[in-house]
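1. need a structure here:
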Amino acid sequence: MTGNPRRLTLVLLVLLTGPALLAEGARRQRPDGFIRTRGVQFMLNGSPFYGNGFNAYWLMLFASNPSQRYKVSSVFQEAASHGLTIARSWAFSDGGYSPLQYSPGSYNEQMFQGLDFAIAEAGKYGIKLVLSLVDNYESMGGKKQYVDWARSHGQQAISSEDDFFTNPLVKTFYKNHIKTVLTRRNTVTGILYKDDPTIMAWELMNEVRCPSDKSGRTVQAWITEMASYVKSIDANHLLEAGLEGFYGPSSAQKQGNNPYFLLGTDFIQNNQIPGIDFATVHSYPDQWLTSSGYEGQLSFLNKWVATHIRDAQEILRKPVLFAEFGKTSRESGYSPSRRDRFFEAVYAAIYSSARGGGAAAGSMFWQLLTKGMDSYRDGYEVVLSESPSTAGLIVAQSNGLRRITKMYARLRNVDISKKARETEKRSL
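-> Now for the predicted structure:
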C-alpha cells in the first residue's frame, strides 16, 4: 500500500464513508446467517465477510462411511482451529463407483446422508460451504456421464461431451439434479438445503469448459439458463459459475493474460450474467506454464491475481473468490518454501484488496487433508500437522481478515450509535 496514492485514497474513502455505507447495507440484510453480496463485498448479518478457506472435495464420500466420518469431523476441527471459515466440496458423484446419482433421478441414499453429515458438521464448526453441482471431468461422472445417459435414452445425435451444454435431455437431467439437491431435507439437521445458511453458495460446474466453441457463446447461454433455474428454486443462496478465470473474446485485449489456451469460457462476459453473484478464479501456473520455471510461474501468479481483482472491482463490480490455488510438491527442486511463496502471493493480494474495501473476498487452497488419507494425496495436499510453515501462513491470513471484519463491524456500530443519539436528540 505504501507509495500507492490511489490505494491510500481508497482506504481513506472507506474509513470516512464506510459507516454510512454499512448502515445502508445492514438495512437491506436480514440477520439470518446467509451470506449476501453488496457491491464488491460479501455481507454477513450486515457486515462485510472475508473468507479464508480450503477445498475438500471428498467430504461426502468419507461421510457416507460411518467408520470414516471422524475424518470429516477432524478436518473441520483442524480448519476451524486455524481460522478457516469457508470450504468447497462436491454435491455430485455421477454413475461409477459409490455414486450419489446412480442414473438420472435415481439416488444413493447412503451417499446423500454423507452429504447431510458433512453439511451438519460444517455448521457445527462455523464453516460456510460452497457446493459444486457437476464436474467438467469424468473421474466422478461429470459431463461425460450425463451425455452417456442421454445417449442410452435414445439421443444418438450426441457427438461430444460438450453436447452437455446444449442437448435438451441432458439439460433436463441436470436441472433435475439441481432440484433434487436444493430441495433435499438434511436427515441430520432437518433443514432443507435451500434454507440452510451453512451453505454459502452453489457452483454450477467445477471448472466449466467447452473447447468446441471458443467463442464462449455456448457457455454463456448455458450459464444464463441454469442460473435462472437455480434462482427460481433457491432465493437464499449465492451462485457462481465455477470458472477458472480465462479471458475470452469479449475482452480480447486481456487474452494475453491467459496461460496459452482458450476453453470456451469468458471471465468478463460469463460473470456479468445477472444470476451470477460473484466471480471465481483458479490458479495453477505450475500446471499451465510448465516450461516457465518457478520464478516465471510466480510472476504469472502475481499478475493473474492482481488482474482479476482489478477486473472484478472495476468491470464486474462483484466480489471475486480465488476458489482454487496451490503448488505441487511433485516437482524437481520442490521445498515447502516454494509452496509458501505461492500462498503468500495470493494471500497478500487478497489482504491488500480487502483492507482497502476492494473486490477480493477470500480464497480456498487445494486441498486440505487430515492424517490417514494418504491415498488422496495429489501433491497439492496440505496436512496442517505436517506443514508448520504453511499452517502459519494460513493462520496469519485468517487473523488478518478477521481484523478487517472487526474493523468494519466497529465502524458500523459507531454509525448505528451516532444515528441513535441523533434520533434521541430529535425526540427531546
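2. what helices or strands is the helix or strand harbouring M111 leaning on?
-> Following DSSP states H and E, the helix or strand that holds M111 is helix 109-124. For helix 109-124, the helices and strands in contact under the criterion 3 or more C-beta pairs under 8 Å, 6 or more residues apart in numbering; DSSP states H and E are helix 59-63, helix 69-81, strand 128-132. Yep, even glycine has a C-beta here, placed from its N, CA and C like the rest.
3. quick one: average pLDDT of the first one?
-> Pointing back at helix 59-63 there. Across helix 59-63, pLDDT averages out at 98.
4. for my notes, confirm R402 occurs in a strand.
-> No. Counting by DSSP: H, G, I helix; E, B strand; the rest coil, R402 is not part of a strand but helix.
5. okay, strands next: where are they in the stretch 251-400 of the chain?
-> Assigned by DSSP state E, counting those that start in this stretch, the stretch 251-400 of the chain shows strands spanning 279-283, 320-325, 360-365, 368-369, 382-383.
6. returning to that earlier point: make TSV out of the helices and strands packed on helix 109-124 and add mean neighbour count and distance to P249.
-> Listed next are the helices and strands packed on helix 109-124 as TSV, based on neighbours: other C-beta atoms under 10 Å; distance: least, C-beta to C-beta, whole Å:
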stretch	mean neighbour count	distance to P249
helix 59-63	25	37
helix 69-81	19	39
strand 128-132	24	26
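7. would TSV of those with distance to G392 be doable?
-> As requested, the helices and strands packed on helix 109-124 are exported to TSV (distance: least, C-beta to C-beta, whole Å):
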stretch	distance to G392
helix 59-63	25
helix 69-81	13
strand 128-132	23
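8. quick one, which of the ones you listed is nearest to T37?
-> Shortest distance between T37 and the helices and strands packed on helix 109-124, using C-beta to C-beta, is found for strand 128-132: 13.6 Å.
9. direction included, what does that closest one pair against?
-> Using DSSP bridges, strand 128-132 pairs in its sheet with strand 86-90 (parallel), strand 199-203 (parallel).
10. buried stuff in stretch 392-404?
-> Residues of stretch 392-404 classed as buried by neighbour count (16 or more other C-beta atoms under 10 Å): L393, I394, V395, A396, Q397, S398, G400, L401, I404.
11. and for stretch 230-245?
-> For stretch 230-245, the neighbour count (16+ other C-beta under 10 Å) marks 230-231, 234, 236-245 as buried.
12. one step back: redo the strands of the stretch 251-400 of the chain as JSON lines? Include distance to P168 and mean pLDDT.
-> Formatted as JSON lines, the strands of the stretch 251-400 of the chain follow (distance: least, C-beta to C-beta, whole Å; pLDDT from 0 to 100):
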{"stretch": "strand 279-283", "distance to P168": "27", "mean pLDDT": "98"}
{"stretch": "strand 320-325", "distance to P168": "30", "mean pLDDT": "98"}
{"stretch": "strand 360-365", "distance to P168": "34", "mean pLDDT": "98"}
{"stretch": "strand 368-369", "distance to P168": "39", "mean pLDDT": "98"}
{"stretch": "strand 382-383", "distance to P168": "42", "mean pLDDT": "98"}
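13. OK, contacts around G96?
-> M140, G141, Q145 (C-beta atoms under 8 Å, 6 or more residues apart in numbering).
14. hmm, 6 Å instead?
-> G96 makes contact with G141, according to C-beta atoms under 6 Å, 6 or more residues apart in numbering.
15. per-residue pLDDT, it?
-> Note on G96: pLDDT of 92.
16. make sure it is indeed in a strand.
-> No. G96 sits outside any strand when classified using three-state DSSP, being coil.
17. out of the buried residues of stretch 230-245, which comes closest to S291?
-> Closest approach to S291 among those (C-beta to C-beta): E244, at 19.9 Å.
18. which ones are touching the closest one?
-> E207, H282.
19. show me where pLDDT drops low in the protein?
-> Along the chain, segments meeting pLDDT under 70 span 1-32, 412-428.
20. so of the buried residues of stretch 230-245, which ones are in helices?
-> Of the buried residues of stretch 230-245, the ones assigned to helices by DSSP state H are V230, K231.
21. among the buried residues of stretch 230-245, which are located in strands?
-> Judged by DSSP state E, strands contain the following of the buried residues of stretch 230-245: L238, L239, E240.
22. can you redo those as JSON lines with distance to V170?
-> Below are those laid out as JSON lines (distance: C-beta to C-beta, whole Å):
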{"residue": "L238", "distance to V170": "25"}
{"residue": "L239", "distance to V170": "20"}
{"residue": "E240", "distance to V170": "21"}
